[in-house]
Structure formats: C-alpha cells, structure tokens
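Undergrad: only geometry, no sequence info:
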C-alpha cells in the first residue's frame with residue numbers, strides 16, 4: 001500500500017480556521033480600541049522612530065534564535081543523523097502542525113510521522129519526540145515556580161482572567177494549576193515509558209497490537225515497541241554533557257521565545273518590569289496549553305491584554321497582540337505551507353528509491 005502523502009493531512013479548513021479565528025478576534029479588539037481611544041495608537045504610528053524599529057528587529061532575532069536552538073536540539077537527539085536543512089524542515093513542519101491543531105493536542109502526532117520519514121526508525125522517532133516533549137515540560141515545571149517566587153505570587157497572578165466550564169468558573173491560578181498538573185502528568189508518563197520501564201511499555205504495545213482493529217498494523221506496532229527499548233538503552237547511556245546541552249537548548253529556546261514580547265513592548269512604550277512580563281507569559285502559556293482552539297487562536301488574542309495589558313498604553317492592546325502573534329505564530333503557518341511541498345517531494349522520492 002502506498003504511503004499517505006502528508007499534503008493530504010492538511011485541509012484548507014484546518015489552515016484557514018486558526019487564521020480567521022486569530023485575526024478575527026484581533027480585528028474586533030483593534031476596532032474596539034480604536035473606537036474607545038484610537039488617538040493613542042495613531043500617535044504612536046505617526047511618531048514611529050528608528051529605535052522602535054530596532055526593537056522589532058531584535059524581537060525577530062530572538063524569534064530566529066528560538067528556532068535555531070530547536071534545530072540544534074533535534075540534531076543532538078538524533079545523533080546528528082539530521083542535517084541542518086532536514087532539522088529546519090522538521091521544526092518548521094512541527095510548528096506548522098502545532099499551529100493548526102488544538103493546543104491541548106499539539107503537533108506531536110505529526111512530528112512522529114515527520115521524523116520517521118527522515119529515515120529514522122519509528123521507535124527512535126517516537127523516543128525523540130517524547131524526549132523533546134519531556135524537555136519542554138521540564139522547562140516549565142522548573143522555571144515557572146522559580147520565576148513566580150522571584151516576582152511574588154500576587155504580582156504573577158494579578159489579572160482578571162476567568163474561565164467557565166461544567167457550570168463552574170475558574171480563576172487564573174486554578175486554570176494554571178490544571179495546566180501545570182497536566183504537564184507534570186505528561187512528564188511522569190514519558191519518564192516511565194522511556195527511562196524506567198521501557199520493557200513494560202513495549203509489553204503494553206504488544207498487548208494493544210492484539211486488538212482486532214490494529215491487526216493490520218500489528219507488526220509495525222511491535223517493531224515500535226522494540227525500537228523504543230533499543231532507543232531507551234541508547235538515551236540512558238548518554239552522559240551528563242549530552243543532557244545538559246539538550247536542556248540548555250530548551251531553556252535558551254523558550255527564553256528567546258518569551259523575550260520576543262519584551263522587545264515588541266519596548267517598540268511601543270517604555271517597559272521597566274521585564275521579569276514580570278516574562279513571568280506573566282509563562283503563566284499565560286501554561287494556561288493556553290489546554291486551549292481547545294488550533295494554536296490557541298482567538299483565545300490567545302483575547303487573553304493577551306488580560307495578562308500583559310498593564311505594560312501597554314490604553315488603546316494599543318489589540319494591535320500589540322496582533323504584532324506579537326505575527327512574530328510568534330503566523331510565520332509558522334506561512335513557512336509550513338512553503339516547506340511542506342518541498343519536504344514531501346524530497347522524502348517520498350528518497351523513500352521510493354530506497355525501495
């Protein structure tokens with residue numbers, strides 16, 4: 001049976017939905033700001049300076065740094081079996097998948113497929129994606145509490161964010177705890193599957209493969225289990241330097257991503273409490289991780305002023321939110337659409353030759 005072309009995974013609806021949601025909400029909020037206090041934003045645009053443009057350039061540089069760190073990390077985890085070109089394409093498609101799928105799901109399902117299509121065994125690909133997720137979750141699990149302690153609980157959670165579900169209303173801290181707990185649970189699952197009980201995980205996959213619905217893929221499921229055990233041995237044998245590099249890449253990557261907003265804010269108005277801006281982003285991001293919309297579209301634009309609004313001039317909240325998403329979200333949809341056809345053509349041509 002022929003391999004399924006990855007181009008068929010993405011429908012026009014899946015790509016347009018997050019764009020329409022995000023731009024629609026941002027557009028409405030900008031209209032609301034302009035109606036209430038449009039003079040402020042107009043004055044900033046009229047008096048735009050080279051210094052403000054320089055801050056946006058720095059924001060772009062840190063956005064690029066974030067992706068470079070991701071590329072280096074995946075090369076490291078693959079024992080440099082991926083070239084820089086391959087790493088770039090993998091990361092762009094991974095981010096593309098994350099941008100058009102609900103945040104609570106993420107792009108991991110697509111990432112398994114992308115990495116395995118680069119010639120890395122499925123089990124090894126699974127282990128790489130799981131360890132990548134583990135490193136990301138460990139960043140939040142370690143850094144978020146430390147930063148909250150530095151700025152103080154009251155400052156970190158001093159917003160009007162509310163979330164209603166199942167007939168109850170949850171405050172900012174309660175939703176944060178749900179997201180943080182989800183991250184801790186995922187971390188435990190990955191640690192158990194890859195580092196502590198890989199044989200047990202393989203046994204579980206063997207039992208699952210016995211299900212009638214999975215009979216067709218039984219051999220592949222079992223091979224995945226075998227590969228994960230092999231990959232587990234390899235990763236457990238890695239030394240301190242390897243894991244230090246992997247974690248530092250993760251820290252630099254996420255830190256760079258959050259610093260982007262600090263420079264965007266500086267382009268529009270002076271900001272003194274940069275650490276607090278960073279912490280508010282940590283809290284907001286953990287909350288957005290349980291968003292049901294693709295790439296948190298709509299929800300991110302709406303939540304942004306609630307968390308960061310006090311650091312912006314009135315009348316600029318929605319515009320800055322759109323600029324922020326323009327640096328950290330929409331580029332991955334554009335780059336994904338550009339990279340996907342080239343990547344698809346390359347990997348399928350290579351795999352066809354291999355057969």
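TA: All right, it came through fine. This structure is a prediction, so every number in the text was calculated from the model and none was measured. Numbering: from 1, shown residues only.
Undergrad: CA atoms for contacts and neighbours, from now on please.
TA: Noted.
Undergrad: so where is the stretch 51-200 of the chain shaky, pLDDT-wise?
TA: Residues of the stretch 51-200 of the chain meeting the criterion pLDDT under 70: 102-109, 163-169.
Undergrad: and if you look at the stretch 251-355 of the chain?
TA: Within the stretch 251-355 of the chain, the ranges that satisfy pLDDT under 70 run 290-298, 349-355.
Undergrad: now the helices for it?
TA: All helices of the stretch 251-355 of the chain, identified by DSSP state H, counting those that start in this stretch, fall at 274-288, 299-308, 317-328, 330-354.
Undergrad: I'd like to know which of those is closest to residue 100.
TA: Ranking these by proximity to residue 100 (C-alpha to C-alpha) places helix 330-354 first, at 7.9 Å.
Undergrad: so how far is the closest one from its chain's centroid?
TA: Taking C-alpha atoms, centre = their mean, to the nearest Å, one finds the center of helix 330-354 at 20 Å from the center of the full chain.
Undergrad: Same check on stretch 86-106?
TA: Counting by C-alpha atoms, centre = their mean, stretch 86-106 comes out at 7 Å from the chain centroid.
Undergrad: Please apply the same query to stretch 129-141.
TA: Centre-to-centre, stretch 129-141 and its host chain are 11 Å apart (C-alpha atoms, centre = their mean).
Undergrad: sorry, back to before: could you export the helices of the stretch 251-355 of the chain as JSON lines, including distance to residue 215 and mean neighbour count?
TA: Below are those laid out as JSON lines (distance: least, C-alpha to C-alpha, whole Å; neighbours: other C-alpha atoms under 10 Å):
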{"stretch": "helix 274-288", "distance to residue 215": "37", "mean neighbour count": "21"}
{"stretch": "helix 299-308", "distance to residue 215": "40", "mean neighbour count": "20"}
{"stretch": "helix 317-328", "distance to residue 215": "42", "mean neighbour count": "21"}
{"stretch": "helix 330-354", "distance to residue 215": "25", "mean neighbour count": "15"}
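Undergrad: Distance to residue 247 added to those helices, as JSON lines?
TA: Putting the helices of the stretch 251-355 of the chain into JSON lines (distance: least, C-alpha to C-alpha, whole Å) gives the following:
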{"stretch": "helix 274-288", "distance to residue 247": "17"}
{"stretch": "helix 299-308", "distance to residue 247": "27"}
{"stretch": "helix 317-328", "distance to residue 247": "21"}
{"stretch": "helix 330-354", "distance to residue 247": "23"}
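Undergrad: Residue 228: which of those is closest?
TA: Minimum separation from residue 228 across these (C-alpha to C-alpha) falls at helix 330-354, 22.1 Å.
Undergrad: Check which helices and strands the closest one sits against.
TA: helix 84-99 (3 or more C-alpha pairs under 8 Å, 6 or more residues apart in numbering; DSSP states H and E).
Undergrad: Show me which residues of the next helix-or-strand element following the helix it packs on are buried.
TA: Later in the chain than helix 84-99, the nearest helix or strand by DSSP states H and E is helix 108-117. By 16 or more other C-alpha atoms under 10 Å, the buried positions in helix 108-117 come out as 108, 110, 111, 112, 114, 115, 116, 117.
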